[in-house]
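**Student:** Mind folding the following:
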Amino acid sequence: MRPFGLGHRLLLEQIESGFVGQSFPTYADLISGAFICAHSWAENQLLLRSPFRRWLMLKTWGLLAGRFNVPAAMVSFHAYARDGDTFPEVQQKPSSEVRQLASPRLARLYLFLRSKGFSEQETMDMPLNVANLLYCTDAEQEGRLDLVTDTFKEMIRLSQGGLAA
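**Tutor:** I've put the predicted structure just below:
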């Protein structure tokens, strides 16, 4: 599979996959999720537009996959999607006001990447954890948030009497 990208996440949400939603993932979620994540954004768009091409690709793909341990594959795919969608720990600037953004996180992320000059193809195929990090780093540079590092956490612990423990 390719690195878990923004396009993969959007397509999995579109098909209401249990791997990115609130429902328990099914075998169909596993097969369709693995199929989506094995292709780039452009490849997925071609496959979605052509039922014959999609059928042929799924048939070939199914023959090549052979037998596999379904429960282990479901655990593995869940970890792949979870790890691919990591978001850095952040801390709000103490002097700033809390504001709730109305647009969904993935829409904001898409618009951010496009505003930074990434093409649609680059945006949709970018590993999601990398896109999240770019988004947070940009916000940190503009003073909207602080990325929380292990060193920062240790400094807080020590400043709160951690040495006495």
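
**Student:** ok, Met74 - how many residues close by?
**Tutor:** Met74 has 19 neighbours, counted by other CB atoms under 10 Å. To be clear about C-beta, it is placed using only N, CA and C from the backbone, and glycine gets the same treatment.

**Student:** and it, that's in a helix?
**Tutor:** Yes. Counting by DSSP: H, G, I helix; E, B strand; the rest coil, one finds Met74 located in a helix.

**Student:** Which of the helices or strands spans the residue lying closest to it once chain neighbours are set aside?
**Tutor:** Excluding its sequence neighbours, the residue lying closest to Met74 (CB to CB, 6 or more residues apart in numbering) is Leu30, at 5.4 Å. Here Leu30 sits within helix 27-37, counting by DSSP states H and E.

**Student:** Let me see the residues that make contact with that helix.
**Tutor:** 1-2, 4, 8, 11-12, 15, 17-19, 25, 44, 57-58, 61, 70, 73-74, 77, 80-81 (CB atoms under 8 Å, 6 or more residues apart in numbering).

**Student:** now swap in stretch 6-17 and tell me
**Tutor:** 2, 19-21, 23, 25, 29, 32-33, 36-37, 40-41, 44, 81, 84-85, 106, 109-110, 113, 123-126, 128, 131.

**Student:** Show me how this protein divides into domains.
**Tutor:** As given by automatic domain parsing, the domain ranges for the chain are 6-84, 90-164.

**Student:** Check those for me: which has the lowest mean pLDDT.
**Tutor:** Here the lowest mean pLDDT among those goes to domain 90-164, at a mean of 78.

**Student:** right, and the helix or strand after the helix holding Leu30?
**Tutor:** Next along from helix 27-37, by DSSP H and E: helix 41-49.

**Student:** what does that following helix rub up against?
**Tutor:** Against helix 41-49 from outside (CB under 8 Å, 6+ apart): 5, 7, 11, 36, 39, 53-54, 57, 120-121, 124-125.

**Student:** and after it, which helix or strand comes next?
**Tutor:** Downstream of helix 41-49 (by DSSP H and E), the next one is helix 51-65.

**Student:** ok, and for that following helix, which residues are buried?
**Tutor:** Met57 (16 or more other CB atoms under 10 Å).

**Student:** I'd like to know which elements it is packed against.
**Tutor:** helix 27-37, helix 41-49 (3 or more CB pairs under 8 Å, 6 or more residues apart in numbering; DSSP states H and E).
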